[in-house]
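1. Provide a 3D model corresponding to the input given below.
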Amino acid sequence: MQFGNEDEAYEFYNKYAEIMGFSVRRSKMWTTSKDVLAARTFVCSKQGFRQKKKGFEPKKPRPATRTGCPACLTIKITPTGRYRVTDFISGHNHQLANPLTSHTLRSHRPKTKGRFSELDSMEDPKMVGRTSQGHSFQKSMVKGDAGAVLEYLQKMQVENPLFYYAVRINESDNMSGFFWADAKSMMDYIYFGDVVCFDTTYKTSDYGRPLILFLGVNHHKQLVLFGTALLYDGSRESYAWLFETFKTVMRGKQPKAFLSDRSEEISDVIAEVWPGAAQRLCVWHLFQNATMQLSQVFEGSKTFASEFSRCIFECEEVEEFVSAWESLIEKYDLKDNEWLVKQFEERERWGLPFGRDVFCADFSSTLVKENWNTFLKKGLGQNVDMLQFLEHYDKVVEERRNAEMRADFNACQSLPRIPSFRMLKQAASAYTPAIFKVFEKEFELHMDCMVYSCGEIGATSDYKVIVEEKPKPHFVRYDSVTGTLLCSCKKFEFAGIQCRHVFKVLDFRNIKELPSQYILKRWRKDAKIGTIRHDSGYIMENDPKSSFARRYNYLCYILSSIAARAAKTTESSNFIESQMNLLSEQVEQLLHSRPFQIPYLISATSNEQRDVLESLADSLQHDSNAEAGFVGGATNGILGF
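-> Numbers count the residues shown, from 1 in each chain. Next comes the predicted model:
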């Protein structure tokens, strides 16, 4: 016989014991190096003998209850992760109980509420929500954590006035949530906030502290941090507070896609706060959950992890994904696993071949490559002081931001060696090295494709493209007037990089350069160069008092952002300082001029110099590159909220 886990085997043997008339208990167990159960023996309650304590003689000795009974059942893990019976001894050396009264034996008594009862564990706030399946979540705050977090947040705001934080007070007037973000996070959201991943990995895992991260992916395919939270209350109201706070800090800008773990509370709140954002379940979160839900399978097989990863991360076609999933289920005998059955039923919410119309910036592959868990989880245990964890958190964030600065420097100072193809030269000059690498691989694969014309209607031409190893063809439509290209694989819509099928059609039509609309700025080297007004989501109100406050906050925001970049080098700092006198003079002229003179002043000023703010932003990119690879984390500015 085989069982899915230890509990199933125990329940079976205990039911058998009730019918036969004896009681059972768990005995010897063996675990692997990763603390996964490798084998377990269940024995009759009369197995073994009571040990006598040396030098102790009880006044009223209890009657002997153990007789050295040999009856037992042993299970051992198999390569598929299931447990097989490897030993069974049915004989007893004592009289068995009457089956009609066997319910009074210890292992068959009805469970009552007690210290370790199932009911108690459900009522204990520390036990609620330890799985990431969308249940209500609650974690007790370690004594001293609230004060430590407040001390950290206040210190950060003094050092960096643009640092923002918020605290949630629950119905009992207790602090139940914290959120914070700095100037670098806000600027990153302006440039790369089209896709947001709500990472609750630490909150739902038993790390001790409920850390939550708002993550994005930059133009180097690196993770960037938009905001951080500690959320001790997992209620719907708590999530609503967190998302509304995040939205306020990010000036109301709405992401195109929001990736999260499975949770009805989170999904409902996202739909209310960002009604136009597409919601997807994060496949990387699903993989993390699988390592917990299928721990026996992962441990029992050397190949399951890689095959499962290949199935959910690398399949781009629906048929390919379904075939790989069914083969996996069959090979490892998992057709009766309820968790996997549920995941497959919801595959359209997380599967990469589905939802290809939603731009996700190829987020899943970035999370797999650059997982922050390894760095952050070390300091989340309750045995670590909160201030120590926050210091560790700052170091991790700074290291990642230094990696981004080095990537910026390398992107501007180096150019990859490429073949003499005009399209590759075009891509190499525009894209960052990380994105060019993806582009180049896709470009090379178009050599193995075959293209067939399917007819033309006016300026529109249709083509069928076939890849040898894949039986399903793809169809590309090209408009020669607008330069529009549409492929049925929807790689561009999903990842923002064109596919091999489109490259084949362009080659077939002797088009040697990619239309400019298919080189997204968010993947370019100059993704962070230029004005931020258009993308910031800043809205002016009609109320003069409100407009003044919003203008003031907005100007503090953009000027501090420029200061944060300029502070990276002495040259850029001196340049900003030299320009401030000119800027101040222009502002004074505008303030003391009559309304009819203002257009003249602005026009006269523009003849001498471009708009100062935009020119500063453009110049800083070039001035800061010289030392970008050798400077620490980005300097933060001031917050006027």
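2. can we go C-alpha only for contacts and neighbour counts from here?
-> Fine.
3. show me what contacts A361?
-> A361 is in contact with 195, 217, 494-496, counting by C-alpha atoms under 8 Å, 6 or more residues apart in numbering.
4. sec struct for it, please.
-> Secondary structure, DSSP: H, G, I helix; E, B strand; the rest coil: A361 is coil.
5. please report the distance of it from G216.
-> Going from A361 to G216 by C-alpha to C-alpha, to the nearest Å gives 9 Å.
6. shared neighbours of those two, anything?
-> Common neighbours of A361 and G216 (C-alpha under 8 Å, 6+ apart) are V195.
7. by mean pLDDT, flag the weakest helix or strand of the chain.
-> For the chain, using mean pLDDT, DSSP states H and E, the weakest element among its helices and strands is helix 118-123, scoring a mean of 32.
8. which residues touch the spatially most central residue of the chain?
-> Centroid check for the chain by C-alpha atoms, centre = their mean gives D199 as the closest residue, at 4.3 Å. Going by C-alpha under 8 Å, 6+ apart, D199 touches 212-215, 260-261.
9. repeat that for I270.
-> Contacts of I270 by C-alpha under 8 Å, 6+ apart are F243.
10. now do K512
-> 421-423, 506.
11. rerun at 10 Å
-> Contacts for K512 (C-alpha atoms under 10 Å, 6 or more residues apart in numbering) come out as 421-424, 426, 503, 506.
12. so what's the backbone phi/psi at the residue lying closest to C487 once chain neighbours are set aside?
-> Nearest in space to C487, with sequence neighbours left out and distances taken as C-alpha to C-alpha, 6 or more residues apart in numbering, is V476 at 4.4 Å. With angles defined as degrees, to the nearest 10, V476 sits at phi -120, psi 140.
13. what ranges does the stretch 51-200 of the chain have for its strands?
-> Applying DSSP state E, counting those that start in this stretch to the stretch 51-200 of the chain gives strands spanning 72-77, 83-89, 164-169, 175-181, 195-199.
14. what does the stretch 301-450 of the chain give?
-> 449-457.
15. how about the helices of it, start to end?
-> 304-314, 318-331, 338-345, 347-350, 363-369, 373-376, 386-413, 422-430, 433-445 (DSSP state H, counting those that start in this stretch).
16. buried ones in stretch 458-469?
-> Along stretch 458-469, these residues count as buried under the neighbour rule (16 or more other C-alpha atoms under 10 Å): 460-467.
17. so which of the residues you listed sit within strands?
-> Within those, residues falling in strands by DSSP state E are 460-467.
18. roughly how far does the closest residue in space to F308 that isn't next to it in sequence sit from A305?
-> Counting by C-alpha to C-alpha, 6+ apart, L328 is the residue found nearest to F308 once chain neighbours are left out, at 7.3 Å. To A305, L328 is 11 Å away according to C-alpha to C-alpha.
19. joint contacts of these two?
-> With C-alpha under 10 Å, 6+ apart as the test, L328 and A305 both reach C311.
20. mind listing what the nearest residue to V481 once chain neighbours are set aside touches?
-> Closest residue to V481 apart from its sequence neighbours, by C-alpha to C-alpha, 6+ apart: A459 at 6.3 Å. Counting by C-alpha under 10 Å, 6+ apart, A459 touches 478-483.
21. could you redo the last one with a cut-off of 8 Å?
-> Going by C-alpha under 8 Å, 6+ apart, A459 touches 479-481.
22. cool, and E513?
-> So E513 contacts 422-423, 426 (C-alpha under 8 Å, 6+ apart).
23. quick one: which of the contacts of A459 is most hemmed in?
-> D479 (16 neighbours; other C-alpha atoms under 10 Å).
24. how much space is there between it and G458?
-> Counting by C-alpha to C-alpha - D479 and G458 are separated by 9 Å.
25. then K15?
-> From K15 over to G458 (counting by C-alpha to C-alpha), the distance is 75 Å.
26. ok, now G91?
-> G91 is 86 Å from G458, by C-alpha to C-alpha.
27. same check, this time on A277
-> 36 Å.
28. H392 now?
-> In terms of C-alpha to C-alpha, H392 sits 62 Å off from G458.
29. hmm, H446 and K504 touching each other?
-> Yes. K504 lies in contact with H446 (C-alpha atoms under 8 Å); the separation is 5.5 Å.
30. neighbour-wise, which of those two wins?
-> K504 (24 against 21).
31. who's in contact with the more buried one?
-> Per C-alpha under 8 Å, 6+ apart, neighbours of K504: 446-447, 449-451, 465.
32. let me know the helix or strand that it is in.
-> helix 500-508 (DSSP states H and E).
33. got the buried residues for that helix?
-> 500-506.
34. what's the closest of these to V142?
-> R500 (53.4 Å; C-alpha to C-alpha).
35. so, low pLDDT: which residues of the stretch 201-350 of the chain?
-> Scanning the stretch 201-350 of the chain for pLDDT under 70 picks out 203-208.
36. also the stretch 1-150 of the chain?
-> In the stretch 1-150 of the chain, residues with pLDDT under 70: 52-64, 99-103, 110-141.
37. mind checking how far K470 is from G496?
-> Relative to G496, K470 is positioned 23 Å away (C-alpha to C-alpha).
38. who has more neighbours out of those two?
-> Between K470 and G496, counted using other C-alpha under 10 Å, the more crowded position is G496 (19 against 9).
39. quick one: residues contacting the more buried one.
-> 359, 361, 518-520.
40. please determine how far it is located from R422.
-> 20 Å.
41. likewise for G21?
-> In terms of C-alpha to C-alpha, G21 sits 83 Å off from R422.
42. which among the contacts of G496 gets closest to T228?
-> Lowest distance from T228 to the contacts of G496 (C-alpha to C-alpha) belongs to A361, with 21.1 Å.
43. quick one, phi psi at that closest one?
-> phi 60, psi 30.
44. need the CA coordinates for stretch 427-439. PDB is fine.
-> Extracted in PDB, the C-alpha atoms of stretch 427-439 (Å, rounded to 0.1, in the frame of the first residue of the first chain):
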ATOM      1  CA  ALA A 427      19.000  46.800 -30.700                       C
ATOM      2  CA  ALA A 428      22.500  46.900 -29.200                       C
ATOM      3  CA  SER A 429      22.600  50.700 -29.300                       C
ATOM      4  CA  ALA A 430      19.100  51.100 -27.800                       C
ATOM      5  CA  TYR A 431      18.700  48.200 -25.300                       C
ATOM      6  CA  THR A 432      20.500  47.600 -22.000                       C
ATOM      7  CA  PRO A 433      22.900  44.600 -22.300                       C
ATOM      8  CA  ALA A 434      20.500  42.300 -20.300                       C
ATOM      9  CA  ILE A 435      17.600  43.100 -22.700                       C
ATOM     10  CA  PHE A 436      19.800  42.900 -25.800                       C
ATOM     11  CA  LYS A 437      20.900  39.400 -24.700                       C
ATOM     12  CA  VAL A 438      17.200  38.300 -24.700                       C
ATOM     13  CA  PHE A 439      16.600  40.100 -28.100                       C
END
